[in-house]
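> pasted the sequence and its predicted model underneath.
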Amino acid sequence: MNGSSSSSGDWHDRYYHVDQILDRPGPRTDPSFLAGDEVKDFLRNKCKILVIGAGGLGCEILANLALSGFKDIHVIDMDTIDISNLNRQFLFRQKDVGQPKAIVAAEFIMNRVPGVKVTPYYGKIQDKDDDYYLQFNLVICGLDSVEARRWINATLVNLVDPENPESLKPLIDGGTEDKKLDTDDPEHIGWLYSVALARAKEFKIEGVTWSLTQGVVKNIIPAIASTNAIIAASCCNEAFKIATSSAAYLNNYFMLIGTDAVYSYTFEHERRAECPVCGGESLDITISKEWTVDRLIEMLVEKQDIQIKKPSLASGTKHIYFQAPPQLEEATRPNLEKKVSDLIPDGGEITVTASSLPFSLSLRINYS
């Protein structure tokens, strides 16, 4: 981002190209699109958007939103800036190390894009109640925590009131992942070296050696920052389309795979009856009669489509195991070594609660 003044002329110049989209309908414009001043007024004066996370993705998202015309932006992040963040989280400088990411990011954006208001919150998303989330028109999530992403998804789903369309808050969820490489594993370095040689040959680059490859890979791979930029741009593009109706938004899942070549594909999510968030039905679990309560809890933590951190278990009024408060944890701790089959009959139900879940999950236990 370049420096800019806050004069009226500069403000209009900044959004000149954005206005080309908003001033007239296009071939993929939504029928509800209101071209001209009305849509620009909503985007810049009425639309309130929440960004969750101010890390690698969040920094890119905040800058993109501010430069796209969103003027009322809120950001939540519970982390402080570490020196290792500086090579890819470009809103931060060395002087900012130790400071809250949300606060520093908000100040940076407001200084560089005058007229944009960014309201930061340094803390957890779980600190906020339903009324807080109901104030927003859109939510963009740029987190690396599966637990937190599931929490905000479930929270926004639970806010929906069929009789109140304003209670529906679109969630745009972005995430990035790079394959973890062992920099001391000759097989991993060999693979990187072969790829680097092939690329060097294609583009006539000289000087690629084994030692150079090993030295580069021990530092952060530049592809991480590039991938963050691509995914953040996609998220903000969707936010712009939803906020303005200027084009059809993506109503499914988009994935970019850049390991072998630039490739993307989409698939549409479908509602599953057993989904704890949108299904609303009990989740059937089949376990061995020999499983202990401790083994069941371990499964709930690790199972891909559940992954509940620190679950507490109950059946009706019976406390099976509770993580808190300390007195209840101590009282129910002996149950961890008991067999589930001694506590719950075949076909019986267990209610699972956790601080990371804004709802309770019902499990129907079946024995094999």
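Received it, and whenever you're ready, just let me know what you need.

> would you list every one of the strands in the stretch 251-368 of the chain?
253-257, 263-267, 283-287, 312-315, 318-321, 349-353, 361-367 (DSSP state E, counting those that start in this stretch).

> report the buried residues of stretch 240-260.
240-247, 249 (16 or more other C-beta atoms under 10 Å). C-beta here means a position set from N, CA and C on the backbone, and glycine is covered the same way.

> just the closest of the residues you listed to residue 322, please.
The shortest approach to residue 322 among the buried residues of stretch 240-260 belongs to residue 242, at 40.8 Å (C-beta to C-beta).

> can you classify that closest one by secondary structure?
helix (DSSP: H, G, I helix; E, B strand; the rest coil).

> need the contact list for it.
Applying C-beta atoms under 8 Å, 6 or more residues apart in numbering to residue 242 gives the contacts 138, 170, 172, 249.

> where does the stretch 1-150 of the chain dip in pLDDT?
Low-confidence segments of the stretch 1-150 of the chain, defined by pLDDT under 70: 1-12.

> residue boundaries of the strands in it?
According to DSSP E, counting those that start in this stretch, the strands that the stretch 1-150 of the chain contains are 48-52, 72-77, 117-122, 138-141.

> want to throw those strands into a markdown table with distance to residue 148 and mean neighbour count?
Below are the strands of the stretch 1-150 of the chain laid out as a markdown table (distance: least, C-beta to C-beta, whole Å; neighbours: other C-beta atoms under 10 Å):
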| stretch | distance to residue 148 | mean neighbour count |
| --- | --- | --- |
| strand 48-52 | 8 | 24 |
| strand 72-77 | 10 | 24 |
| strand 117-122 | 14 | 19 |
| strand 138-141 | 8 | 24 |
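
> how about a markdown table for those strands, with distance to residue 294 added?
Shown next, in a markdown table, are the strands of the stretch 1-150 of the chain (distance: least, C-beta to C-beta, whole Å):
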| stretch | distance to residue 294 |
| --- | --- |
| strand 48-52 | 33 |
| strand 72-77 | 34 |
| strand 117-122 | 36 |
| strand 138-141 | 32 |
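
> that older thread, the contacts of residue 242 in strands, which ones?
138, 172 (DSSP state E).

> could you identify the least confident member of the contacts of residue 242?
In this model, the minimum pLDDT among these belongs to residue 249 (88).

> surely that residue is in contact with residue 235?
No - in this structure, residue 249 is not within contact of residue 235 by C-beta atoms under 8 Å, at 11.3 Å.

> rewinding a little: right, and the strands of the stretch 251-368 of the chain - which one's nearest residue 118?
Comparison of those against residue 118 by C-beta to C-beta identifies strand 253-257 as nearest, at 26.1 Å.

> same for the closest one, what does it pack against?
On a contact count with 3 or more C-beta pairs under 8 Å, 6 or more residues apart in numbering; DSSP states H and E, strand 253-257 meets helix 223-244, strand 263-267.

> now the first one: mean pLDDT?
It refers to helix 223-244. The average of the pLDDT scores along helix 223-244 is 90.

> now swap in stretch 286-301 and tell me
92.

> what ranges do the helices span in the stretch 51-200 of the chain?
56-68, 101-112, 130-134, 146-159, 186-202 (DSSP state H, counting those that start in this stretch).

> return the most buried member of the ones you listed.
Most buried of the helices of the stretch 51-200 of the chain, by mean neighbour count (mean count of other C-beta atoms under 10 Å): helix 56-68, with a mean of 25.

> mind saving the C-alpha coords of it as PDB?
Taking C-alpha atoms only, helix 56-68 is exported to PDB below (Å, rounded to 0.1, in the frame of the first residue of the first chain):
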ATOM      1  CA  GLY A  56      -0.900 -14.100   7.600                       C
ATOM      2  CA  LEU A  57      -4.300 -14.200   6.000                       C
ATOM      3  CA  GLY A  58      -5.800 -11.500   8.200                       C
ATOM      4  CA  CYS A  59      -3.300  -8.900   7.300                       C
ATOM      5  CA  GLU A  60      -3.900  -9.400   3.600                       C
ATOM      6  CA  ILE A  61      -7.700  -9.500   4.200                       C
ATOM      7  CA  LEU A  62      -7.700  -6.200   6.100                       C
ATOM      8  CA  ALA A  63      -5.700  -4.400   3.500                       C
ATOM      9  CA  ASN A  64      -7.900  -5.700   0.700                       C
ATOM     10  CA  LEU A  65     -11.100  -4.800   2.300                       C
ATOM     11  CA  ALA A  66      -9.900  -1.200   3.100                       C
ATOM     12  CA  LEU A  67      -8.800  -0.700  -0.500                       C
ATOM     13  CA  SER A  68     -12.000  -2.200  -1.900                       C
END
